[in-house]
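[1] Just a sequence and a predicted model for now, questions to come.
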Amino acid sequence: MTPPTTPIRRNRLTKIVATLGPASSTPAMIRTLFEAGVDVFRLNFSHGTHADHGERLAAIRAVEAELGRPIGVMADLQGPKLRIATFADGPITLTPGHRLRLDLSREPGDLTRVGLPHPEIFAAMAPGADLLLDDGRVRLRVVDCGPEFADTVVVSGTRLSDRKGVNVPGVMLPLSPLTAKDREDLVFALDQGVDWVALSFVQRPEDVAEARRLIAGRAALLSKLEKPQAIQHLDSIIELSDGVMVARGDLGVELPPEDVPSIQKRIVQEARRAGKPVIVATQMLESMVSAPAPTRAEASDVATAVFDGADAVMLSAETASGSYPVEAVSFMDRITGKIERDPLYRAIMDAQQPEPEHTAADAITSAAHQVSHTIQAAAIVTYTTSGSTTLRAARERPEVPILCLTSSQETARRLAMVFAVHGVVIADVTNFSEMVQTATRTAFAHRLAAEGQRLVITAGVPFGTPGNTNILRIAWVEGNA
């Protein structure tokens, strides 16, 4: 991939993920969004057809080729959608104490009953359990149940209409996160060459293992942490995943809202310790679906995710269907950049520094971070094939960009989601002097370093051996680089 005529350098280290949809699917808009700050585009398979997603991915790759920068693409699988059926005469009115039976019948409902075509829910149900409908707006308590029904009483809520979602807090449902639709979508996404697959409805480590087996290394696997049951297995799920997402929407339905901020911090901290990228998502700039600027509370929410140390923050409806997709990305870019320049941010990142593992690779990476700070280097350069060297460098949360040089376009695209990484695809280097020369020339061409500035370079010898980081070198950038 040749350097662009006008290199695009982000003035921040935290990455931005943006969802494509009806408001943002033209080639011109995709390019504008990338130039405004998007690093990874999300294709939401809960909406749209395969043809829609194929056209969007083709447009992304065209922008990538034109601008000379690897762009990450994430396929977000829908997962099981638990919903009630329909009502014969439209929405019903509820009051506390109202009795409502849920059953497997597909007959339209009324004031006394409605269909819930999910036997898995009844199999896991017990008297005293709560059901949350319509994103928690309606709460039902089970008073009696069997394999095909649940008699409930309304605890709160005033209105219920067709096909509203159902959440079952505190219950491990006997469901795979991959429906028949998801399996079809997964085959399509992998054949199209997506870089990341986001897995919804993860409850157990076994869910991740099943998806990993189907993906078979053709894309990186991102586990969406949206079920409270997943938090109980957090370490194992992170270990089995290539990255994780804090999907706060469903977490905030099934858990008390006051629990979500601390869980977000825990997930980000554990993912960073494991050296896996972590995205914070859901309703970050929600008001910008219809307003040209965010609220102060939303700006603070984005700032909190950055202070927590997230690799990336994500926009959903703001860019997919909102009226101000470019403005939403621009505000996200401004907020993240501003926080990273705050002295408190650097103090927090350094205070939460994970302990290096007792390996030569971690020792070199930790030293590269310290040396780059001491000599005020312009960038850290990593040579990598698999991406492991670069992931180690990103775990340190350096204050300068990480120039990732790799011969693998797939690796460069996957690392677009990772904190501080500026990926460039190069030809394989064969010796040490060529490595240094390529690093200085590329840093200069991509405006990551100017004449007279220094780079800290890490690599592994022999070249091309995954995970074999064993060299640290300081190099000067010359004007004719």
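    Arrived safely.

[2] Tell me which residues are up against the lengthiest helix in the chain.
    Looking across the chain with DSSP state H, the single longest helix is helix 50-67. Helix 50-67 is touched from outside by 1, 4, 8, 20, 25-27, 30-31, 34, 41, 43, 45, 70-71, 73, 75, 185, 188-189, 192-194, with contacts defined as CB atoms under 8 Å, 6 or more residues apart in numbering. Where C-beta positions appear, they are placed from N, C-alpha and C, glycine not excepted.

[3] Pull out the buried residues from those.
    Burial by neighbour count, judged by 16 or more other CB atoms under 10 Å, picks out 20, 25, 30-31, 34, 41, 43, 45, 70-71, 73, 75, 185, 189, 192, 194 from the contacts of helix 50-67.

[4] Which of these fall in helices?
    For those, the ones inside helices are 30, 31, 34, 185, 189, 192, with DSSP H as the criterion.

[5] Which residue is the nearest non-sequential neighbour of the fifth one?
    Which is residue 189. Distance criterion CB to CB, 6 or more residues apart in numbering; nearest residue to residue 189, sequence neighbours excluded, is residue 75 at 3.6 Å.

[6] thought that neighbour was touching residue 40?
    No: counting by CB atoms under 8 Å, residue 75 stays clear of residue 40, with 11.3 Å between them.

[7] Give me the common contacts of those two.
    Listed contacts common to residue 75 and residue 40 are residue 196; contacts here mean CB under 8 Å, 6+ apart.

[8] Can you show me the CA trace of the helix or strand harbouring residue 475 as CSV?
    Per DSSP states H and E: residue 475 is located in strand 471-476. Below are the C-alpha coordinates for strand 471-476, written out as CSV (Å, rounded to 0.1, in the frame of the first residue of the first chain):
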residue,chain,number,x,y,z
ILE,A,471,15.5,-5.7,19.6
LEU,A,472,15.2,-2.0,20.6
ARG,A,473,16.8,0.7,18.5
ILE,A,474,16.8,4.5,18.6
ALA,A,475,17.0,6.1,15.2
TRP,A,476,17.1,9.7,13.9
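
[9] Just give the strands next to it in its sheet, each with its orientation.
    With DSSP bridges as the test, strand 471-476 is paired with strand 454-459 (antiparallel).

[10] In the stretch 351-481 of the chain, mark out all the helices, start to finish.
    In the stretch 351-481 of the chain, the helices defined using DSSP state H, counting those that start in this stretch lie at 360-374, 388-395, 409-414, 432-445.

[11] Any idea which of these gets closest to residue 458?
    With CB to CB, the closest approach to residue 458 among the helices of the stretch 351-481 of the chain belongs to helix 360-374: 5.0 Å.

[12] The helix or strand bottoming out on mean pLDDT in the chain: what's the following helix or strand?
    The weakest-scoring helix or strand in the chain, judged by mean pLDDT, DSSP states H and E, is helix 248-254 (a mean of 88). Using DSSP H and E, the next helix or strand after helix 248-254 towards the C-terminus is helix 260-274.

[13] Pull out the buried positions in that next one.
    Within helix 260-274, the residues that count as buried by 16+ other CB under 10 Å are 260, 263, 264, 265, 267, 268, 270, 271, 272, 274.

[14] Pretty sure the fourth one sits against residue 308.
    Yes: the pair formed by residue 265 and residue 308 meets the contact definition of CB under 8 Å, at 5.3 Å.

[15] show me what contacts the residue lying closest to residue 93 once chain neighbours are set aside?
    Nearest in space to residue 93, with sequence neighbours left out and distances taken as CB to CB, 6+ apart, is residue 159 at 6.2 Å. Residue 159 makes contacts with 91, 92, 93, 94, 137, 138, as judged by CB under 8 Å, 6+ apart.

[16] what's the answer for residue 117, then?
    Taking CB under 8 Å, 6+ apart, we find residue 117 in contact with 85, 104, 106.

[17] One more pass at 10 Å, please.
    Counting by CB atoms under 10 Å, 6 or more residues apart in numbering, residue 117 makes contact with 82, 83, 84, 85, 102, 103, 104, 105, 106.

[18] thinking residue 289 is in contact with residue 327, fair?
    No: Residue 289 is beyond contact range of residue 327, at 11.2 Å (criterion: CB atoms under 10 Å).

[19] okay, and the common contacts of these two?
    Overlap of the contact sets of residue 289 and residue 327 (by CB under 10 Å, 6+ apart) consists of 318, 319.

[20] The closest residue to residue 271 other than its chain neighbours pairs with what?
    Spatial nearest neighbour of residue 271, chain neighbours left out: residue 278 (3.7 Å); criterion: CB to CB, 6+ apart. Residues in a beta bridge with residue 278, per DSSP bridges, are residue 244.

[21] got the contact list for residue 278?
    Applying CB under 10 Å, 6+ apart to residue 278 gives the contacts 222, 225, 238, 241, 243-246, 264, 267-272, 305, 308-312, 417-419.

[22] returning to what we had before: could you give the mean pLDDT of the strand holding residue 475?
    Strand 471-476 shows a mean pLDDT of 94.

[23] Residues in contact with it: which ones?
    Strand 471-476 has contacts (CB under 10 Å, 6+ apart) with 360, 363-365, 367-368, 371-372, 375, 377, 380-381, 383, 432, 435-437, 439-440, 443, 449, 451-461, 463, 481.

[24] Give me the outermost residue of the chain relative to its centroid.
    residue 112 (41.3 Å; CA atoms, centre = their mean).

[25] Run a quick check on that residue versus residue 101, I expect a contact.
    Yes: the criterion here is CB under 10 Å, and residue 112 meets it with residue 101 at 6.4 Å.

[26] could I get the buried residues of helix 260-274 as CSV with distance to residue 126 and pLDDT?
    As requested, these are arranged in CSV below (distance: CB to CB, whole Å; pLDDT from 0 to 100):
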residue, distance to residue 126, pLDDT
260, 26, 94
263, 25, 97
264, 30, 97
265, 32, 97
267, 29, 98
268, 34, 98
270, 31, 98
271, 33, 98
272, 38, 97
274, 35, 96
